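Colleague: got a predicted structure here, sequence first:
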Amino acid sequence: MDLMQTLRERAAARPMRVAFPEGDNETMMRAVRELADAGLAECVLVGDGAELARLASERGVSLDGIEVVDIADEAANAACCERYLAHPDCKYKPKGAARRMTRPLERALIMQVLGDVDVMFAGIANATGDIILAGQTIVGLADGVETISSCGIAQVPGWSGGEGGLIGFGDSAVCVDPDASELASIACASCDTVAALTGWDVRCALLSHSTDGSMDNALVDKVRAARDIANERRPDLKIDGEFQFDAAVRADVAAKKVHRESDVAGRANLLIWPDINVGNIGVKIIQTLTGADAYGPMLQGFKKIVCDCSRSAPVSEIVGNVVMSCVRAQALAGEGQA
């Protein structure tokens, strides 16, 4: 069974509530319909109720079994605003909070804060930067996290390394040039994300052009410092480096290059890139040369599961990303691996 099929079964076993503030987009609406029909999530459209109904009818998409939060309903807006203002995580004064009741993205995030939904999923109409900024402001960062980042998983055909041919990676999409502390934060968050999705004993390698002191320069110093910071913050995690790619995933290479005890060297199932150049290029090399399926990237580091998809994402990709988000939300709620 492949990774996505396993995740679909886990999502269907305990459907999570997902808010979609872009349900007026046809692709997103059709993805929501597919998710609801398959029992993969409890879907909540956030937007103008009359307009959503009109668009659904025009497109021949039934909204049966899909909850609609109508931002034009003044009484419902006022009730939600009152609840939010009483919440300790409310960031706004009354007028500011009231304005955000009629903005789909922000309303969906406020619903997360209030516990009305488990996941917020957007990106086909909202820019990634806008989603991250709104998520940081309204939902906030998880404890011990100092930067939002991203993580993904690749399924590499014909390869037995990593975890049965699967390998996690981060960050390939958000942090451009993280410093040592931010790199440590990416490593810790990625460990949690991959563990939540897979249940693995995560072995996280911080990658470099150097292995265990073979080079000595500022780029290597950053990776070594990130390792030390990550180990101090999260001694429960297996994070090590600095390793070149081959020393991270091949036991025979690690045996020659790493002359100390390591739970990770030669056995890594999660790779942390030193910057976005390496990350973006690395993932595309893996996909292009091996035909690997790459799942993600998934935003991480928020208190709740806040998700962003590509603006060109087809229905199938949106469904897959929502499934992964729901499994992560299960873990966050104590329903799966932490």
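Modeller: On my side now, so go ahead. Numbers count the residues shown, from 1 in each chain.
Colleague: can I see the domain layout of the chain?
Modeller: Following automatic domain parsing, the chain resolves into domains at 3-140+302-332, 149-294.
Colleague: the longest one: end-to-end distance?
Modeller: So that's domain 3-140+302-332. End-to-end distance of domain 3-140+302-332 (C-alpha to C-alpha, to the nearest Å): 20 Å.
Colleague: could you do the last one as well?
Modeller: End-to-end distance for domain 149-294, by C-alpha to C-alpha: 17 Å.
Colleague: in its sheet, what does the helix or strand of the chain with the lowest mean pLDDT sit against?
Modeller: Across the helices and strands of the chain, mean confidence by mean pLDDT, DSSP states H and E is lowest for strand 293-300: a mean of 88. Strand 293-300 sits in its sheet next to strand 149-155 (antiparallel), going by DSSP bridges.
Colleague: following the strand it pairs with in sequence, what is the next regular element?
Modeller: helix 161-164 (DSSP states H and E).
Colleague: which parts of the stretch 51-200 of the chain are helices?
Modeller: 74-85, 94-100, 104-113, 128-138, 161-164, 180-198 (DSSP state H, counting those that start in this stretch).
Colleague: and the ones you listed, which one is worst for confidence?
Modeller: Mean pLDDT is lowest for helix 161-164 among the helices of the stretch 51-200 of the chain, at a mean of 92.
Colleague: and the contacts of it?
Modeller: Helix 161-164 has contacts (C-beta atoms under 8 Å, 6 or more residues apart in numbering) with 156, 167-168, 198, 200, 249-250, 268-269. Quick note: C-beta positions are derived from backbone N, CA and C, even for glycine.
Colleague: looking at those residues, spot the one nearest Met111.
Modeller: For those, the minimum distance to Met111 (C-beta to C-beta) is 28.1 Å, reached by Thr198.
Colleague: ok, Asp179 touching Lys222?
Modeller: Yes. Judged on C-beta atoms under 8 Å, Asp179 makes contact with Lys222 at a distance of 6.9 Å.
Colleague: in terms of packing, which of the two has more residues around it?
Modeller: The neighbour count for Asp179 versus Lys222, taken as other C-beta atoms under 10 Å, is higher for Lys222 (22 against 15).
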